[in-house]
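Asks: Have a look at this prediction, sequence included:
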Amino acid sequence: MSWDSPSVKSGMVELIVSDLLSATILKKAMLPFVVGFVVALCALMWAGLFVFSWGSGMLTGGESSVDGLIQHVQQWLDGVPLIGVALALVAKAILGMLFSFLGVFMLGEGMILVAMLITAFLTPGIVKHIHNKHYADVPLQQHGGLVESIVKVLLKTCALAAVMVFSLPILWIPLINIVWFKVIFYAYFRSLLAQDVGENTLDEMTFKQVNRWSNMPLFWLSAVAYCLSFLPFINLFVPIIGVVALTHLFLQHGQRHRWQGDMFENLRDGRSGPPAAR
């Protein structure tokens, strides 16, 4: 059956939901949730203290290096004939919105990345649990060592940073900036998630075949998982949801290839009918 079959899609969704609600997966999901929540709480507390100290400094007449820079820029803009004051007001408003957007955006994405980092250590156990429960007839094939995996993650992170730097002008375009940076982070999320699950389920050659951007099942499952990150608190469970979904997808791919291999072997040996049970 193809992925386009409604029965295949509904069957996949039922398996994913049932595993996510199982006691084993729920226990593993609590660690990324707790760690991500603590990190977010600490970040919010730090931001609150920063704003409070900045505001109290302004009220008491104190001046920080940031305040001094802002005042210097404002004085320079005020000195522009005719439109200087208007330019200063517009610049302050734009910078305020820009930093607010960056703060909220990076906090949300940072929580997901922290949860993904913790989940990476839990992936082998999750894969083994799902494999033993649903796909015991499919051999697990792993590839890539620890050092190789770390190097890949670092290279992808550097690529993300480079793309974000070159995309800074887009920050000035309302709405488009949100969509553009969400697309960038989705590509990063999908790449890390597929690498994490693929290294624990498939051999390297098969993984390269599955991990194509034209693979629509992989695209839809990872995209739905990433879209759940827009929901508060649910976003901390997104890595676990993605790992469970992609584990089913990759192991079902291996299962189909095993059946096809058995059928080819039967035809080659002159036998007919379904593959023999092993």
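Replies: Looks like it arrived, so ask away. From a predicted model like this one, the values you see are computed outputs, not experimental measurements. Residues are numbered from 1 along each chain as shown.

Asks: Settle this for me: A245 is touching W220, isn't it.
Replies: No: with contact defined as C-beta atoms under 8 Å, A245 and W220 do not form a contacting pair (9.6 Å). From N, CA and C alone the C-beta is placed, and that goes for glycine too.

Asks: More neighbours: which of the two?
Replies: Summary of the neighbour comparison: A245 and W220, criterion other C-beta atoms under 10 Å, with A245 having more neighbours (26 against 14).

Asks: Please, where are all the helices along the chain?
Replies: Secondary structure of the chain by DSSP state H: the helices cover 6-20, 23-59, 65-78, 84-134, 146-166, 176-198, 204-210, 216-227, 238-268.

Asks: Which of these comes out lowest on mean pLDDT?
Replies: Taking each of the helices of the chain in turn, the lowest mean pLDDT turns up on helix 65-78, with a mean of 51.

Asks: Pull the contacting residues for K28.
Replies: L122, G125, I126, I240 (C-beta atoms under 8 Å, 6 or more residues apart in numbering).

Asks: OK, contacts around the second one?
Replies: With contacts defined as C-beta under 8 Å, 6+ apart, the neighbours of G125 are K28.

Asks: What of the last one?
Replies: Residues in contact with I240, defined by C-beta under 8 Å, 6+ apart, are L20, I25, K28, A29, P32, A115, T119, L122, I126.

Asks: So what's the residue count around A136?
Replies: When counting by other C-beta under 10 Å, one arrives at 8 neighbours for A136.

Asks: er, Y135 I mean
Replies: Close neighbours of Y135, defined as other C-beta under 10 Å, add up to 20.

Asks: how about it, phi and psi?
Replies: According to degrees, to the nearest 10, the main-chain angles of Y135 amount to phi -130, psi 40.

Asks: ditto for Q141
Replies: Comment: the main-chain dihedrals of Q141 come out as phi -120, psi 120, following degrees, to the nearest 10.

Asks: and what of I173?
Replies: With angles defined as degrees, to the nearest 10, I173 shows backbone torsions of phi -100, psi 110.

Asks: what's around it, how many residues?
Replies: 11.

Asks: F181 versus that one, what's the distance?
Replies: Distance of I173 to F181, computed by C-beta to C-beta, to the nearest Å: 11 Å.

Asks: what do you get for K133?
Replies: Applying C-beta to C-beta, one obtains 38 Å for the distance of K133 from F181.

Asks: Looking at the two, which is more packed in?
Replies: A count of neighbours by other C-beta under 10 Å puts F181 above the other of K133 and F181, at 20 against 13.

Asks: hang on, the more buried one packs against M164?
Replies: Yes: in this structure, F181 is within contact of M164 by C-beta under 8 Å, at 7.4 Å.

Asks: Check the gap between L251 and I16 for me.
Replies: Note on L251: its distance to I16, by C-beta to C-beta, is 12 Å.

Asks: my guess is P124 contacts N200, does it?
Replies: Yes: under the criterion of C-beta under 8 Å, P124 makes contact with N200 at 5.4 Å.

Asks: neighbour count winner among the two?
Replies: Just comparing P124 and N200: by other C-beta under 10 Å the higher neighbour count belongs to N200, 23 against 15.

Asks: For that one, which non-adjacent residue is closest in space?
Replies: Closest residue to N200 in three dimensions, ignoring its sequence neighbours and counting by C-beta to C-beta, 6 or more residues apart in numbering: V127, at 4.6 Å.

Asks: what do you get for V163?
Replies: The spatially closest residue to V163, leaving aside those adjacent along the chain, is I184, at 5.7 Å (C-beta to C-beta, 6+ apart).

Asks: The one you found touches V165, doesn't it?
Replies: No: under the criterion of C-beta under 8 Å, I184 lies out of contact with V165, with a separation of 11.3 Å.

Asks: Looking at those two, which one has more neighbours?
Replies: The residue with the greater number of neighbours, taking I184 and V165 and applying other C-beta under 10 Å, is I184; the counts read 17 against 8.

Asks: tally of neighbours for T157?
Replies: Per other C-beta under 10 Å, the neighbour tally for T157 reads 13.

Asks: again with the one 5 residues further on
Replies: Other residues within reach of A162 by the criterion other C-beta under 10 Å amount to 10.

Asks: Against Y186, how distant is it?
Replies: Counting by C-beta to C-beta, the gap between A162 and Y186 amounts to 17 Å.

Asks: What's the end-to-end length of stretch 127-140?
Replies: Terminal residues of stretch 127-140 lie 9 Å apart, using C-alpha to C-alpha, to the nearest Å.
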